[in-house]
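Colleague: Take this sequence and fold it.
(chains A and B)
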Amino acid sequence: MNSLHILYQMARADFLERVRRYSFLVTLAFAVYLGYSAYSGQVVLRLGDYRGVYNTAWLSALMTLVTTTFLSLVGFYVVRNSVDRDQQTGVGRILAATPMTRLFYTAAKVASNFAVLSAMVLVLMGAAIIMQLTKGEGAVRIGALIAPFLFVVLPAMAVVAAMAILFETAPILRSGAGNVIYFFVWTALLVAPVQASLPDMAGIGAFMNSMEQTVKAIDPAWKRSFSLSLGGGDFGAAPSRTVLWQGLHWDAQMLLGRILWLGIAVGLTALAAVFFHRFDPAYERGRKRQEARENTPVAETTQLSSAAAPVHLTPLPAQARRSRFGRLVICELRLMLKGRRWWWYAVMAGLIVASAAVADANGRAGVLAAALLWPVLVWSQLGTRENRFDTGALMFSSPDPLRKQLPAMLTAGILFTAAVAAGPAMRDLMAGDGGAIAAWTVGVLFIPTLALALGVWSGTSKTFEAIYTVWWYVGVVNHIRGLDFIGTLPPSRAPLLFIVLTLALAAAAFAGRRARLAYA
Amino acid sequence: MELQIERVGKRYSGDKWALRDFSLKMGPGILGLLGPNGAGKTTLMSIIATITRPTEGTLHWNGSELAKDPNAIRTVLGYLPQDFGVYPNLNAVEFLEYLAAVKGLAATAARRRIEELLDLVNLSDVRKRPLGSYSGGMKQRIGIAQALLNDPQLLIVDEPTAGLDPEERVRFRNLLSELSGERIVILSTHIVSDVEATATDIALISQGSLVAHASPEELLRMVEGKVWEWVLPSAELPAARQSYLISNTMHRADGIHARVVAQSPPPQAAPVPPTLEDAYLFCMSRHRAGATI
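Modeller: This is a model prediction of the structure:
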């Protein structure tokens, strides 16, 4: 009982600390947006030409799938800062000096994450009820409305909550790379079990099979098709036919599948505890052995000159105070690139060379895509360093922080991006492909500007890492016009759109930094 | 060279004023800023360092108004904040080169200056080690070095000796004294002995208001004849604390030797020469009681 009380108090303190932050309101706003999207018909669940009659079962299934698919991605990034916050605030060291066990700590953090995600789920459940009341085509059945949230959504959120803690404690995953890796984990979690006919985290398989059987029963010639789209991405005519679907049957096998995911959440929590090192500074860096040696704490220098020895500083000549923008850009570049391991540079160089060497356009686009993902942690520093390393007071009390330092940072980002994407550009230049060069130029401007704007406004590298990875996957890897910011293939190029977007982002970055400064 | 603060106030969210109606005029020398926690010292320093915009009032640096021309002060400013971070992957030289570039210093002059400063703060031996491996005291010394990079005319140091060992503290005090001749140094600290050793002027601040602005000698004169040493049994100390302002106590064979700041002496107490700490406590207690200093 006492243990449960301690667990409750730890989770409660963490939860209260979060919900009293401005960012929690933004989080809830996202949930409201998702709910509104579903309500206003921007979220479409269809089976080819069919949609379900808007009864309780169908609307609840729609909101459940929206929640488990989209919230399992966004929610992860929202809650993945709990351990880090204890690290940053120093509270972690205090907790580490108490009898608290590692499992206790990770369990409390998972519980707090779960509570935050549940708050978002509640908003979406509210949206389902409003939809049923305003657009419903049948009587409200409270049990049928709540059951999918209870049996499908909550276990999924428990997994996300535990995954977020694992991604804060496990080596490699706890670095910024974890934000990128999770996107691929999330994709695999949604797709792989469905394809293997296993119980999936989001419950897609269960809903899909049940709905497909219902359609097949009334239309044996119907071709299998199931899609859930958000924000008008559901191309083609609206479903013209309806099917009456009465909901899932919560039999033992289905409930066992959901309990399995709860078990996975518990397992992930335990695994996170294995990696959690109680804020021991020796593990905080999470670097390899050699780097750990390099960063072994330096002993205080002992050869101090006598305290009574006279101290003198040579006055600085007046001509020394000459501003050098180029020098500042070089320093910013050094700051961006310092601290990476040799193999990081080797892979980067390999990708640059390969992207120039591959003759086939599709192959080159593939290598370029890889080259544009590899340095995501370099870009994500832009605009966030002052916050992350607490150097704002030093930077913002220097002359012209807005007119010199910020442009120098952006220039360094652009130069770095140009180097990263240099391979295909050389080929395009030699081929005289003006369209490709235009798209390339805009892409090179766009990436660091996006990073800077998101960094300045959010203050954390996580925002860019999450948004960019999704954008990169949808736009660059799949060559979707309007989203492929660097125009990997001719049909996906839209330089005009991205130059406008780049200018808007640059303005946003300057406005964000301006707002942070007492004086511009 | 003059820094003028006129009726400056800073209100944070709600109706909490961290600073109110604060006015001060400073010339070359070291101003020691003394006050209890939450008195508004750091807010005042942030305002002067152009980090925070005041809610009301104006600041002028050599006649230029800060709100209209913040660069007038930024180009001549050296600022060591109370809490600051470093970039852990850079070494001392790289970090200082970066800040020199941010401050607009030419590369060659910056390199010479950095060498000199690293010698001064005794970090030459570890200049190539990543800052992430530095101890708290060493980071503080890097902070001192960066504040002096541009040979500032206005040096603002907030709790500069925090984390320094005793020898480095003395050395830093000497450095401040050496630097103070042709510039304005504002030193905020809780350590009265740091101010006692270096300050040419002292500003006492409490609850966001200026309590007193005087030279150390003037402050000491305020408590002259008001400081007593009182020997009493240790059992009587709690009761004595209720009646008198006691600035210090020491256990001795004949009982507790209590240092009392009071207009009239306790029974059998002997007068002793006042210290700046006595003066500080006297002024603060008078301010709390609502009396003018």
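
Colleague: what does stretch A:10-25 contact?
Modeller: A:78, A:82, A:85, A:100, A:104-105, A:108-109, A:111-112, A:115-116, A:119 (CB atoms under 8 Å, 6 or more residues apart in numbering or on different chains). Yep, even glycine has a C-beta here, placed from its N, CA and C like the rest.

Colleague: just stretch A:269-284 next, same as before
Modeller: Residues contacting stretch A:269-284 (CB under 8 Å, 6+ apart): A:83, A:86-87, A:92-93, A:95-96, A:101-103, A:105-107, A:110, A:162, A:165-166, A:168-171, A:292.

Colleague: same thing but at 6 Å, please
Modeller: Residues from elsewhere that reach stretch A:269-284 (CB atoms under 6 Å, 6 or more residues apart in numbering or on different chains): A:92-93, A:96, A:102-103, A:106-107, A:110, A:162, A:165-166, A:169-170.

Colleague: send the alpha carbons of stretch B:212-226 over as PDB?
Modeller: Taking C-alpha atoms only, stretch B:212-226 is exported to PDB below (Å, rounded to 0.1, in the frame of the first residue of the first chain):
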ATOM      1  CA  ALA B 212      21.100  52.500   0.700                       C
ATOM      2  CA  HIS B 213      23.800  53.700  -1.700                       C
ATOM      3  CA  ALA B 214      27.000  54.700   0.000                       C
ATOM      4  CA  SER B 215      30.700  54.100   0.200                       C
ATOM      5  CA  PRO B 216      31.800  51.300   2.500                       C
ATOM      6  CA  GLU B 217      33.100  54.000   4.900                       C
ATOM      7  CA  GLU B 218      29.800  55.800   5.000                       C
ATOM      8  CA  LEU B 219      28.000  52.500   5.800                       C
ATOM      9  CA  LEU B 220      30.400  51.700   8.500                       C
ATOM     10  CA  ARG B 221      29.900  55.100  10.000                       C
ATOM     11  CA  MET B 222      26.200  54.400  10.200                       C
ATOM     12  CA  VAL B 223      26.800  51.600  12.700                       C
ATOM     13  CA  GLU B 224      29.700  53.100  14.600                       C
ATOM     14  CA  GLY B 225      29.000  52.900  18.300                       C
ATOM     15  CA  LYS B 226      26.100  50.400  17.700                       C
END
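
Colleague: ok, the helix or strand hosting B:Val157 near chain A or not?
Modeller: Assigned by DSSP states H and E, B:Val157 falls within strand B:154-158. No - Strand B:154-158 does not reach chain A (CB under 6 Å from any CB of the partner chain); its nearest approach is 8.6 Å.

Colleague: Tell me the first helix or strand C-terminal of that strand.
Modeller: Counting by DSSP H and E, the element after strand B:154-158 in chain order, helix or strand, is helix B:166-179.

Colleague: what about that next one, near chain A?
Modeller: Yes - remark: helix B:166-179 sits within contact range of chain A at B:Glu167, B:Val170, B:Arg171, B:Asn174, B:Leu175, B:Glu178, by CB under 6 Å from any CB.

Colleague: can you pull the buried residues of whichever strand or helix holds A:Leu25?
Modeller: Secondary structure assignment for A:Leu25, by DSSP H and E: helix A:22-39. Burial within helix A:22-39, assessed by neighbour count using 16 or more other CB atoms under 10 Å in any protein chain shown, is assigned to A:Phe24, A:Thr27, A:Leu28, A:Phe30, A:Ala31, A:Leu34, A:Gly35, A:Ser37, A:Ala38, A:Tyr39.

Colleague: Chain neighbours aside, what residue packs nearest to B:Thr50?
Modeller: Using CB to CB, 6 or more residues apart in numbering or on different chains and skipping residues adjacent in sequence, the residue nearest B:Thr50 is B:Pro70, 4.7 Å away.

Colleague: So which residues on the stretch 151-293 of chain B come close to chain A?
Modeller: B:Asp151, B:Glu167, B:Val170, B:Arg171, B:Asn174, B:Leu175, B:Glu178.

Colleague: just the buried members of those residues?
Modeller: Among these, those classed as buried by 16+ other CB under 10 Å are B:Asp151, B:Val170, B:Arg171, B:Asn174, B:Leu175.

Colleague: can you tell me which two in the residues you listed are farthest apart?
Modeller: Farthest pair in these (CB to CB) is B:Asp151 and B:Val170. Separation: 22.9 Å.

Colleague: hang on, the earlier thing: let me know the closest of the residues of the stretch 151-293 of chain B next to chain A to B:Phe282.
Modeller: Using CB to CB, B:Val170 comes nearest to B:Phe282 of these, at 27.1 Å.

Colleague: what about that closest one, distance to A:Leu337?
Modeller: The gap separating B:Val170 from A:Leu337 is 40 Å, by CB to CB, to the nearest Å.

Colleague: if we can go back for a sec, any chance of the residues of the stretch 151-293 of chain B next to chain A in a markdown table, plus distance to B:Thr58?
Modeller: Shown next, in a markdown table, are these (distance: CB to CB, whole Å):
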| residue | distance to B:Thr58 |
| --- | --- |
| B:Asp151 | 27 |
| B:Glu167 | 42 |
| B:Val170 | 38 |
| B:Arg171 | 37 |
| B:Asn174 | 35 |
| B:Leu175 | 32 |
| B:Glu178 | 32 |
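
Colleague: Among those residues, which one sits closest to B:His190?
Modeller: Nearest to B:His190 among those, counting by CB to CB, is B:Val170 at 17.4 Å.

Colleague: Which pLDDT value belongs to the closest one?
Modeller: Note on B:Val170: pLDDT of 87.

Colleague: just checking, A:Thr68 touches A:Met157?
Modeller: No - judged on CB atoms under 6 Å, A:Thr68 makes no contact with A:Met157 at a distance of 8.1 Å.

Colleague: overlap in contacts of the two?
Modeller: Common contact partners of A:Thr68 and A:Met157 (CB under 6 Å, 6+ apart): none.

Colleague: where along chain B do the helices fall?
Modeller: Taking DSSP state H as the criterion, chain B carries its helices at B:41-48, B:70-74, B:92-102, B:107-120, B:136-147, B:166-179, B:192-198, B:216-223, B:237-243, B:276-288.
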